[in-house]
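Chemist: Return atomic coordinates for the entry below.
(chains A and B)
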Amino acid sequence: MMDASPPLFKDIDKGGPAQPLLVVRGLRKHFLLKPGLFQKNKQYVHAVEDVSFSVAKGKTLGIVGESGCGKSTTAKLIARLIKPDHGSMIFDGEGVAEYGGLELKEFRRKLQMVFQDSYASLNPRLTIEQTIAFGPQVHGVSKDQATNLAHTLLDRVGLKPAQYANRYPHELSGGQRQRVNIARALAFQPRLIILDEAVAALDKSVQAQVLNLLQELKEERELTYLFISHDLHVVQYLSDEVMVMYLGQVVEKGPVERIFNTPAHPYTKALLQAIPSMDPDHKTWVSPLSGDPPNPINPPSGCRFRDRCDHAKATCHTVSPALSKVEGLSDHVVACHMNDGFSQPHLEGPL
Amino acid sequence: MNELLLRVQKLSVQFTGTRKAQALRNVSFDVAKGEVLTLLGESGSGKSVTLKTLLGLNPKKTTLVSGEALLGGQNTLTLNEHNMRLYRGRVTSMVFQEPGLAFDPVYTIGAQMVEALRAHEPIDHDTALSKALQMLERVQIPQAQKRLSAYPHELSGGMKQRAMIALALICDPQLLLADEPTTALDASVQIQILLLLRELQKERTMSVIFVTHDIGAAVEVSDRIAVMYAGEIVEMGTVHQMIQSPQHPYTQGLLAGAISADQRGQALKTIHGSPPDLSQLPTGCSFAPRCFKASAHCHEMSPPTNNNGQTALACWHPL
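Modeler: The predicted model follows:
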């Protein structure tokens, strides 16, 4: 395994390995809807609602959820691509873009993103060598050095520079383009990479190749990943910790084995049961969930999952559950009244 | 074996537009009455082209089709436009991947179902409407009466796909072509639609050709699986055969690439490289450049397909 990229940027780890790399507190984002002609009230899409979490150094946090649950909005808020309505962020012990804190430009270098659509995220008029070398130049690296770096990185992600460096994005396959996107992210020597459905659009045989590459790079460069996906198999394979989101809120978070073996939230359980079995003798006969996710413009009161939940009680309609420890474990938390003692399913009758 | 419904033989499709491509090569398979055959493969393997060709949906000017598709003794590939209209929807119907694009946005769900019914059956509007209502109730759309007068954009993704299935089945077709009907849906909705399709198929002893790239979904619904690669069927057999003892290196690679819990911390087994360009297919076996068992022979000669309509295996060195 070769890794010859010179340290172009000096990064000093500030807090040591015990301090989380990223801490997010109370992140919230509501999008204003364009009002209709005769509409008086303003309507908001409740995209992200009080999301708090932290990512440990060198670990991978997987974020799971269905479309519209706020996974991608969370990612964009963290990268400061959109401004949060509320909430704060600490990156390696420093506040981001606050007075005396880490500057936004420096923060964005340390945090890189890889998106789902590999074609849309590359400039069609730049060769891939130019694309990869562009970023470091913005941060003050000379053109020659940046080009050298681009070649080293292309080689590292499995694209021979002699053959590929001067190609344009449309001359590459989907898997190759995603490798270019990864190389471009690496060119900044980031500490955190947000992978937003980065392997979702790839064919299965190519997906496995890219996942292997991501695993190798993480070890080699001590990276931290925020891995967003709706594919539970992939999340289970790659993540150390998993966070499950539903309609803009975190409903469960814990170590990957806990989430997949002893899930505490009814939604997490249903998601796991909804994975088609690979065994022709044990086909699924009953759907674990009925209906579609509700509309984020008018989320249900109380627990947002209540309408699709088999265990919903009167409390669930009025009181919104907060994250609480499962079996006293501080790293496994769930937002459900069955866990926090608000509702006692065996005492209350059905609604 | 049940009564034969559809026999596709040596179906080849070539696109001759500005970008030329050999999309299908000698595809043959049988579908019995009440059977579900899944075409499994990656993008560009020819799954969707097969379905579109069966319904005559490819642009005529730039498509060269050869081979035959016999349904009830008639070759459906040579139907004229008038007979094709009678055949589409009535005998063979299709469900698409994007329900949002398949519906006409300016007509209500009810109007589109009534139109489809009355195109094929001599019934009045009210009878057609009540049939449409029954069908919507059958696919478990809540408040079906209300949904009849709803426009497609007013329904959620899962509901649209249910309505799409209702529309496809309203004339009681013998064969349903399902082109990745669950790919665009969320996991919790996907399993609901798969279960619904399986129920309806059993209830009507309908035959289904189901196209997917998701092995899990294929196992849930199918009786037989045909694995496609670069426009060919490389292996075909019953679900048990294919899952438990795949013989083609590509099938085995696909199954090994399915990610599971016990692989954590290990490198995934991969098939190196990527699928070939359909306009410049390699000589010999099209999988040879990516195959770990390939010999010099594989690069020169295409393997025989050994296709009898039920099973197939196109490989010089089966596992």
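Chemist: and residue 229, how many residues sit next to it?
Modeler: All of this is about chain A. 22 (other C-beta atoms under 10 Å in any protein chain shown). All C-beta atoms are positioned from the backbone trio N, CA, C, and that covers glycine.
Chemist: switch to chain B, that's the one I care about
Modeler: Using other C-beta under 10 Å: residue B:229 sits among 25 other residues.
Chemist: contacting residues around the residue in chain B positioned nearest to chain A?
Modeler: Going by C-beta to the nearest C-beta, chain A is nearest to residue B:216 of chain B, at 3.2 Å. Residues near residue B:216 by C-beta atoms under 8 Å, 6 or more residues apart in numbering or on different chains: A:275-278, B:258.
Chemist: among the residues you listed, who's most crowded?
Modeler: For the contacts of residue B:216, the largest number of neighbours (other C-beta under 10 Å) sits with residue A:276, at 20 neighbours.
Chemist: related to what we said a few turns ago, tell me the spacing between the residue of chain B closest to chain A and residue A:71.
Modeler: 21 Å (C-beta to C-beta, to the nearest Å).
Chemist: and what of residue B:283?
Modeler: Counting by C-beta to C-beta, the separation of residue B:283 from residue A:71 is 45 Å.
Chemist: Compare these two and say which is more crowded by neighbours.
Modeler: residue A:71 (23 against 10).
Chemist: what are the ranges of the strands in the stretch 101-250 of chain B?
Modeler: In the stretch 101-250 of chain B, the segments counted as strands under DSSP state E, counting those that start in this stretch are B:175-179, B:207-212, B:224-229, B:232-238.
Chemist: So what touches the first one?
Modeler: The list of residues contacting strand B:175-179 from outside it, by C-beta under 8 Å, 6+ apart, reads B:5-6, B:31, B:47-48, B:51, B:54-55, B:71, B:91-97, B:168-169, B:197, B:201, B:206-211.
Chemist: Just these: which are in helices?
Modeler: B:47-48, B:51, B:54, B:168-169, B:197, B:201 (DSSP state H).
Chemist: Filter those down to the buried ones.
Modeler: Buried by 16 or more other C-beta atoms under 10 Å in any protein chain shown: B:47-48, B:51, B:54, B:168-169, B:197, B:201, out of the ones in helices among the contacts of strand B:175-179.
Chemist: Touching, residue A:137 and residue A:143? I think so.
Modeler: Yes: the criterion here is C-beta atoms under 8 Å, and residue A:137 meets it with residue A:143 at 6.2 Å.
Chemist: ends of stretch B:169-178, how far apart?
Modeler: With C-alpha to C-alpha, to the nearest Å as the measure, stretch B:169-178 spans 11 Å from end to end.
Chemist: again with stretch B:233-244
Modeler: 19 Å.
Chemist: buried sites along that stretch?
Modeler: B:233-237, B:239, B:241-243.
Chemist: cool, and stretch B:95-111?
Modeler: Under the neighbour-count criterion of 16+ other C-beta under 10 Å, stretch B:95-111 has B:95-100, B:102-103, B:108-111 buried.
Chemist: Check stretch A:126-138 too.
Modeler: So, applying 16+ other C-beta under 10 Å, buried residues of stretch A:126-138: A:127-133, A:135-136.
Chemist: can you tell me the average pLDDT over it?
Modeler: Summarised as a single mean, pLDDT over stretch A:126-138 is 94.
Chemist: Repeat that for stretch A:307-318.
Modeler: Here the average pLDDT along stretch A:307-318 is 89.
Chemist: Run the chain-centre distance for that stretch.
Modeler: Remark: stretch A:307-318 is offset 28 Å from the chain centroid, using C-alpha atoms, centre = their mean, to the nearest Å.
Chemist: Please apply the same query to stretch B:221-233.
Modeler: Offset of stretch B:221-233 from its chain centre (C-alpha atoms, centre = their mean): 9 Å.
Chemist: Close to chain A: what parts of the stretch 151-300 of chain B are there?
Modeler: B:156-159, B:186-192, B:194-195, B:213-217, B:219-220, B:239-240, B:243, B:253-254, B:257-261, B:263-264, B:267-272, B:274-275 (C-beta under 8 Å from any C-beta of the partner chain).
Chemist: And the strands in the stretch 101-250 of chain A?
Modeler: Counting by DSSP E, counting those that start in this stretch, the strands of the stretch 101-250 of chain A are A:111-114, A:192-196, A:224-229, A:241-246, A:249-255.
Chemist: I'd like those strands as a markdown table, with mean pLDDT appended.
Modeler: Formatted as a markdown table, the strands of the stretch 101-250 of chain A follow (pLDDT from 0 to 100):
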| stretch | mean pLDDT |
| --- | --- |
| strand A:111-114 | 93 |
| strand A:192-196 | 95 |
| strand A:224-229 | 94 |
| strand A:241-246 | 95 |
| strand A:249-255 | 95 |
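Chemist: Is the most far-flung residue of chain B relative to its centre in a helix, a strand, or coil?
Modeler: In chain B, counting by C-alpha atoms, centre = their mean, residue B:265 sits farthest out from the average C-alpha position, at 35.3 Å. When classified by DSSP: H, G, I helix; E, B strand; the rest coil, residue B:265 comes out as coil.
Chemist: doesn't residue B:25 fall inside a helix?
Modeler: No: counting by three-state DSSP, one finds residue B:25 to be strand, located in no helix.
Chemist: ok, back up a step: make JSON lines out of the strands of the stretch 101-250 of chain A and add distance to residue A:25.
Modeler: Formatted as JSON lines, the strands of the stretch 101-250 of chain A follow (distance: least, C-beta to C-beta, whole Å):
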{"stretch": "strand A:111-114", "distance to residue A:25": "17"}
{"stretch": "strand A:192-196", "distance to residue A:25": "17"}
{"stretch": "strand A:224-229", "distance to residue A:25": "16"}
{"stretch": "strand A:241-246", "distance to residue A:25": "14"}
{"stretch": "strand A:249-255", "distance to residue A:25": "12"}
